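Chemist: Below are the sequence and a predicted model for it; my questions follow.
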Amino acid sequence: MDIFSHRTLSLSIIASLFILLLYGQALAGSYEDLYQCFRDIPGWHGEKPTGMAAQTPGFNMINASREYKRGDEDLEVTVLIGPQAMASWMPMVEGTRIATPEGEMKISRIKGFLVQAINGKAGTSSSIMVRLSGEKDNSNGAMLVFSSDNVAFEKLYSVARSFDWNCFKKKAASVK
């Protein structure tokens, strides 16, 4: 993991702890409800989706993910529901742009969704995070994350746009 990824991860962890302390509302539903939104990607082998629901007093979260492989390339698509989904957005807003020697992060609006794109300049570590909910209600949120350590950013971006983000948004809202 490069320095840019470490900085991003550190900020996310700090924000997660802050969110967990402030907003620990309960969620109900099944992570399996999200599976139908994961699609096959032509030319890629998709593993079976997996998920989990974690519940403790005052804190609940749900996530589901699916891994895809093609030769030595692999990427993962993950849906996060609960306070942890909001952590990567604090205090970022549309128009935010951060550049370091290791990479670039920017937040923009695509297809009506806020999207945080992190592109490692070495071209090996990239992620695209789509905010599915929580824009007006920061207590709980939903996030769709496309990540890879060895897929070119442009390819990851193209794959991310090929998914039906509204399907994930609707299913995430139904498991709250």
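Modeler: That came through fine.
Chemist: Now the helix or strand that N60 is a member of: buried residues?
Modeler: Assigned by DSSP states H and E, N60 belongs to strand 59-70. Using 16 or more other CB atoms under 10 Å as the test for burial, strand 59-70 gives 59-68. Every residue, glycine included, has its C-beta placed from N, CA and C.
Chemist: Quick one: the strands in the chain, in order.
Modeler: 45-46, 50-56, 59-70, 73-81, 97-99, 103-110, 113-120, 126-133, 142-148 (DSSP state E).
Chemist: Output these in JSON lines; the columns should cover mean pLDDT and distance to K171.
Modeler: What follows is the strands of the chain, written out as JSON lines (pLDDT from 0 to 100; distance: least, CB to CB, whole Å):
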{"stretch": "strand 45-46", "mean pLDDT": "96", "distance to K171": "17"}
{"stretch": "strand 50-56", "mean pLDDT": "86", "distance to K171": "11"}
{"stretch": "strand 59-70", "mean pLDDT": "89", "distance to K171": "9"}
{"stretch": "strand 73-81", "mean pLDDT": "92", "distance to K171": "8"}
{"stretch": "strand 97-99", "mean pLDDT": "87", "distance to K171": "31"}
{"stretch": "strand 103-110", "mean pLDDT": "89", "distance to K171": "19"}
{"stretch": "strand 113-120", "mean pLDDT": "88", "distance to K171": "15"}
{"stretch": "strand 126-133", "mean pLDDT": "89", "distance to K171": "9"}
{"stretch": "strand 142-148", "mean pLDDT": "92", "distance to K171": "9"}
